[in-house]
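Novice: Coordinates only, no sequence provided:
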């Protein structure tokens, strides 16, 4: 079952949708324009149900197959939000909103799922129900969690749920997947260090929060190098260090912010414990006080083994076994599809985006050549999971 031939008839439409989404990026939950466009298109396709406002601004569409003897419901999810980045692609369809762009390809994800929904609404070549899920606020807003808490799984009686993300650097027409952890848990921290300010020429009369903070930054690297098993993955990154306003003043306070990424729950707990111990010990040694805001964020995106094997088989049917990596390296980025996978079995797969700029880069652009591959994957996944006796074309 290769790429679906029928998609060629409206691939230009899908590209047009994608580039329109790209022109008008929206952030987090403020995706009203995008969500309205999605709902309008689903209505034009003739879906059986369309519901807006799930998880604040999410959209859910229902497509019933030719029959429903299986009683199974398969969920397919795409994300809609963009990033607060100024675009530098120079494309004719570049962002019209200064300081915002689709730098992660969610415009492509949304367009591909719309294309698959249009095809499935026309053919209904499956025995059961397909639920298409368009989610807001993946980029740090936990929109997946918001949709789950709004009753996504229970209301539509979803049995399995699947997600997909484009992957720069992987060839067009390739997929990557693995059972178990495929993307990391993400924790964020804000650490305020309070010392005693004073004149830079008399450091002995002060408690310097910059020196204490610098020692903490260095020591935190020992979490990965000396605390956690070298065969386990952990990333500790201090990404902000703010202190002081003048050349000749030792400031009173300093602030450190950053993120910790892990692939195992036990390593996540261990990393937080070591983080707190290091901060407390070094601050005490320097005579400084601390205030820590440590925020657990997205959980590990963990593929169900059976669902991952099934998804890999579907991808193989579309592009061939030699173009499907079934043991792709996990990414240490976070993904809030993880909340959906905590509720239902399913799998998250990577789709090759070719030799493009990296994700979250101002020169990134989703590769429209990937559209028929991604659409075909969604279609074949549903038709294979809940097949009818009618052959697809």
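Specialist: Great, that's in hand. If you're wondering where the values come from, they're calculated on a predicted model, not measured in any experiment.
Novice: only C-alpha atoms for contact and neighbour calcs from this point on.
Specialist: Will do.
Novice: Centre-most residue in the protein?
Specialist: residue 335 (3.3 Å; Cα atoms, centre = their mean).
Novice: May I ask which helix or strand encompasses that one?
Specialist: Following DSSP states H and E, there is no helix or strand that holds residue 335.
Novice: for it, phi and psi?
Specialist: Main-chain torsions, residue 335, degrees, to the nearest 10: phi -150, psi 120.
Novice: Tell me which residues touch it, please.
Specialist: 138, 183, 184, 298, 300, 301 (Cα atoms under 8 Å, 6 or more residues apart in numbering).
Novice: Need the nearest residue in space to residue 163, chain neighbours excluded.
Specialist: residue 348 (4.6 Å; Cα to Cα, 6 or more residues apart in numbering).
Novice: Now do the helix or strand harbouring the one you found: distance to the chain's middle.
Specialist: In this assignment (DSSP H and E), residue 348 forms part of strand 346-352. How far strand 346-352 lies from its chain's middle: 11 Å, per Cα atoms, centre = their mean, to the nearest Å.
Novice: helices or strands next to that strand in the packing?
Specialist: strand 160-167, strand 175-176, strand 301-303, helix 305-319 (3 or more Cα pairs under 8 Å, 6 or more residues apart in numbering; DSSP states H and E).
Novice: List the contacts of the following helix or strand past it.
Specialist: Following strand 346-352 in sequence order, the next helix or strand is helix 371-385 (DSSP H and E). Identification of contacts with helix 371-385 by Cα under 8 Å, 6+ apart yields 1-4, 7-8, 11, 14-15, 74, 76, 108, 112-113, 115-116, 119-120, 125-127, 130, 173, 311, 314-315, 318-319, 351.
Novice: Please flag which of those residues sit within helices.
Specialist: Judged by DSSP state H, the subset of the contacts of helix 371-385 located in helices is 11, 14-15, 108, 112-113, 115-116, 119-120, 311, 314-315, 318-319.
Novice: where's residue 50, which helix or strand?
Specialist: Per DSSP H and E: strand 49-54 holds residue 50.
Novice: Mind listing the strands the next helix or strand after that strand pairs with, and their directions?
Specialist: Counting by DSSP H and E, the next helix or strand C-terminal to strand 49-54 is strand 58-64. Note on strand 58-64: by DSSP bridges, its sheet partners are strand 49-54 (antiparallel), strand 129-135 (antiparallel).
Novice: Can you lay out these as CSV showing mean pLDDT, mean neighbour count and distance to residue 240?
Specialist: As requested, those are exported to CSV (pLDDT from 0 to 100; neighbours: other Cα atoms under 10 Å; distance: least, Cα to Cα, whole Å):
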stretch, mean pLDDT, mean neighbour count, distance to residue 240
strand 49-54, 98, 16, 34
strand 129-135, 98, 27, 29
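Novice: do you know which of these lies nearest residue 307?
Specialist: Nearest to residue 307 among the strands paired with strand 58-64 is strand 129-135 (16.0 Å), distances taken as Cα to Cα.
Novice: between the closest one and strand 160-167, how many degrees?
Specialist: If you take axes from the mean of the first three to the mean of the last three Cα atoms, to 10 degrees, strand 129-135 sits at 50 degrees to strand 160-167.
Novice: Which SSE is immediately downstream of strand 129-135?
Specialist: helix 143-149.
Novice: Toward the C-terminus from that next one, list the very next helix or strand.
Specialist: With DSSP H and E, the next secondary element past helix 143-149 is helix 152-155.
Novice: And that next one, what's buried?
Specialist: Along helix 152-155, these residues count as buried under the neighbour rule (16 or more other Cα atoms under 10 Å): 152, 153.
Novice: now that helix: how far from the chain's centre is it?
Specialist: On Cα atoms, centre = their mean, the centre of helix 152-155 falls 21 Å from that of its chain.
Novice: Next, count neighbours for residue 230.
Specialist: Burial measure for residue 230: 10 neighbouring residues, criterion other Cα atoms under 10 Å.
Novice: how about it, what does it touch?
Specialist: Residue 230 touches residue 224, counting by Cα under 8 Å, 6+ apart.
Novice: element containing it?
Specialist: Assigned by DSSP H and E, residue 230 belongs to no helix or strand.
Novice: what's it sitting at in phi/psi?
Specialist: Main-chain dihedrals, residue 230, degrees, to the nearest 10: phi -60, psi -20.
Novice: same deal with residue 192?
Specialist: According to degrees, to the nearest 10, residue 192 has phi -100, psi 130.
Novice: Would you quantify the distance from it to residue 298?
Specialist: Applying Cα to Cα, to the nearest Å, the value for residue 192 to residue 298 is 23 Å.
Novice: So for those two, which residue has more residues nearby?
Specialist: residue 298 (26 against 20).
Novice: what separates the more buried one from residue 334, distance-wise?
Specialist: Using Cα to Cα, one gets 6 Å for the distance from residue 298 to residue 334.
Novice: The closest residue to residue 150 other than its chain neighbours: how many residues sit nearby?
Specialist: Once flanking residues are discounted, residue 150 sits nearest to residue 55: 5.8 Å by Cα to Cα, 6+ apart. As a burial measure, residue 55 scores 22 neighbours (other Cα under 10 Å).
Novice: Alright, I will stop here.
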